[in-house]
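Visitor: Structure here, sequence nowhere to be found:
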């Protein structure tokens with residue numbers, strides 16, 4: 001099969017992914033073999049490819065927002081041809097303290113798709129049968145792919161922040177995840193305030209119904225009940241924190257953060273404000289979000305790339321040169 005393979009991490013400008021022929025995955029018990037129909041491109045993929053996250057395996061195939069159809073390993077619940085999605089969490093041990101208490105996103109021994117095991121920048125991918133999600137027919141391949149991480153983790157961020165219907169919510173950064181979260185917030189009748197760099201991102205936020213849009217250094221005109229940061233920047237976290245009312249919450253939607261600057265506790269955190277990190281997602285998050293996405297007719301803004309253009313897709317994500325999400329179609 002054809003796949004994009006990472007043998008040695010490096011700056012995406014040097015095209016570290018090599019596209020070529022590799023063996024098709026061998027079917028294992030408890031898994032399904034998927035013919036990949038589309039794979040979303042996530043900023044986490046960029047962190048992996050550029051080496052900001054330590055490599056877990058040699059000759060890795062990245063990609064963890066997979067839309068595929070069951071080609072082998074069918075079960076009664078997943079017959080041949082079933083269209084399913086695969087996300088970042090590709091499996092958990094099911095036995096650790098966290099799994100036993102319903103917090104599988106914090107599992108001590110998780111499997112990460114496209115990081116600990118090969119992912120979807122390929123024509124075929126292997127996935128655990130109990131960690132795939134049948135997709136509603138209303139969600140087509142191209143628009144379903146970004147929902148499978150950017151969408152689910154954005155939805156979890158809203159949960160971690162404790163967003164309630166009708167609240168004032170700030171989104172700091174407006175890429176693949178935020179432009180999906182705003183659709184859920186609008187369905188919940190929240191007022192949404194967006195601070196982001198890039199004029200095209202600001203225009204996209206306005207077109208999607210944000211109540212206020214400003215540059216990344218601009219402060220929303222009201223105190224926020226909740227804020228979610230999407231940029232991997234500690235400075236952005238401080239900007240979000242400075243916009244909160246007392247008792248408000250900042251949820252950091254980033255697997256990697258450049259640093260956390262010093263800040264004035266008395267002015268920014270005191271008053272029972274909170275900073276919370278968002279770690280992975282659960283299967284319940286996935287099922288709930290995909291149901292909501294289908295109900296509200298969520299259709300991400302996407303830019304399509306071929307498998308041969310995998311490096312270009314990641315470079316576009318890094319430079320914020322596309323609005324919405326990038327999707328690779330083998």
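Guide: Yep, it's here. Quantities reported herein were computed from a predicted structural model and do not represent experimental measurements.

Visitor: Helix, strand or coil: sort out the closest residue to residue 208 other than its chain neighbours for me.
Guide: Once flanking residues are discounted, residue 208 sits nearest to residue 182: 5.2 Å by CB to CB, 6 or more residues apart in numbering. C-betas here are computed from N, CA, C, even on glycine. What DSSP: H, G, I helix; E, B strand; the rest coil gives for residue 182 is helix.

Visitor: show me the residues around residue 182 that make contact.
Guide: 171, 192, 194, 205, 208-210 (CB atoms under 8 Å, 6 or more residues apart in numbering).

Visitor: Now with 7 Å, please.
Guide: Going by CB atoms under 7 Å, 6 or more residues apart in numbering, residue 182 touches 171, 192, 208, 210.

Visitor: Would you confirm that the last one contacts residue 191?
Guide: The reference is to residue 210. No: contact criterion CB atoms under 7 Å: residue 210 and residue 191 do not qualify, at 9.0 Å.

Visitor: What residues of stretch 19-38 count as buried?
Guide: 19, 22, 24-25, 31-38 (16 or more other CB atoms under 10 Å).

Visitor: So what are the sheet partners of the biggest strand by length in the chain and their directions?
Guide: Assignment by DSSP state E gives strand 31-41 as the longest strand of the chain. Strand 31-41 pairs in its sheet with strand 65-72 (antiparallel), strand 124-128 (antiparallel), strand 325-329 (antiparallel), by DSSP bridges.

Visitor: out of those, which comes closest to residue 186?
Guide: strand 325-329 (18.2 Å; CB to CB).

Visitor: Show me the contact partners of the closest one.
Guide: 38-41, 121, 142, 145-146, 150, 176, 300, 302-307, 310, 313, 316-317.

Visitor: Select from those residues every entry located in strands.
Guide: 38-41, 302-306.

Visitor: Could you identify the least confident member of the residues you listed?
Guide: Across the ones in strands among the contacts of strand 325-329, the bottom pLDDT score, 92, is held by residue 302.

Visitor: mind listing what's buried in the helix or strand encompassing residue 286?
Guide: Using DSSP states H and E, residue 286 maps to helix 283-296. The neighbour-count check on helix 283-296 (16+ other CB under 10 Å) flags 283, 285-286, 289-290, 292-294 as buried.
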